[in-house]
Structures are given as structure tokens and as C-alpha cells.
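Asker: sequence first, then the predicted structure:
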Amino acid sequence: MSGGEQPLSRLDALRFTRRVVEQQAERQLALIDRWIADEEQRQTERRRGQERRPEPAQWLIQYGLNRNNVDAVHTGDCWAAVRSGRCRPATRQQARDALLQHVPACVHCRPDTALGLLE
């Protein structure tokens, strides 16, 4: 060693090590705090989205591949309607009118029974 520098004492090395660990811990805590804030923001947005989500339709009308023909009438919670991907929400009266115009009722959810058209 030149210039009169003295080697670090064991105590100086330990103090230096403590400062390094302290800085690393502060950085890690700041990172974790950011993660917590991000997750809180996501939960808030998720909750707002659920609150703003419109009520599910009680009745669905399934359209054909050309989007003009009406293929079937479903209740709003019918699994077959969800799988088709070709349904649009309808009012009770629209569903009833479609059934009265001989549009087939879904064989799984039986909207004709739910509407009181078939006993």
C-alpha cells in the first residue's frame, strides 16, 4: 500500500458491510412496496369493473352464421348459448315473440317452459 493508507480494520469492514446490506434492504423494501401498490391498484380496478358490469341478460336469441336468421331462444344462463357465441340479449317480450313465431326453444334450458308457453 502506498501513500500511507492503512488497511481497513475488521470493525471498519463490518461497518461498511452493514451500510451495503442496509442499502440493499432499502431497495428491496421499496421494490416490494411498489409491488404492493400495483396489486392494490389492480384489485381496485377489478372491483370497479365488477361493480360496473351490467346485469346478465335473462333471455338470449341465437342468430345463425349469417347473423340474420334466428336459430334459437335461450334463457340467460344457458351453457349452450354461451358456447355458440352467436347470441344477443333480448327482452322477455322479444323471447316470447320469437317462440310464438316458431323459433325453436333450446332443448337444454327450455325457455318456452320458463316463459309459461309450454306446461
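Answerer: Perfect, I can see it now. Numbering: from 1, shown residues only.
Asker: next, name the residue at the spatial heart of this protein.
Answerer: The C-alpha lying nearest the average C-alpha coordinate of the chain belongs to Arg46 (C-alpha atoms, centre = their mean; 7.0 Å).
Asker: what's the single longest helix in this protein?
Answerer: Looking across the chain with DSSP state H, the single longest helix is helix 10-52.
Asker: and after that helix, which helix or strand comes next?
Answerer: Toward the C-terminal end, the helix or strand that comes next after helix 10-52 (DSSP states H and E) is strand 59-63.
Asker: what sits up against that next one?
Answerer: Among residues not part of strand 59-63, those counted as contacts by C-beta atoms under 8 Å, 6 or more residues apart in numbering are 69-76, 78, 81, 84, 86-92, 94-95, 98, 103, 106, 111. C-beta: built from backbone N, CA, C; applies to glycine.
Asker: how about a cut-off of 7 Å?
Answerer: Outside strand 59-63, the residues within contact range by C-beta atoms under 7 Å, 6 or more residues apart in numbering are 69-76, 78, 81, 84, 86-92, 94-95, 98, 111.
Asker: how far off centre is that strand?
Answerer: Computed by C-alpha atoms, centre = their mean, to the nearest Å, the separation of strand 59-63 from the middle of its chain amounts to 24 Å.
Asker: buried sites along the following helix or strand past that strand?
Answerer: Remark: after strand 59-63, the chain's next helix or strand is strand 70-75, criterion DSSP H and E. Applying a neighbour-count criterion of 16 or more other C-beta atoms under 10 Å, one finds 70-75 buried in strand 70-75.
Asker: much appreciated, bye for now.
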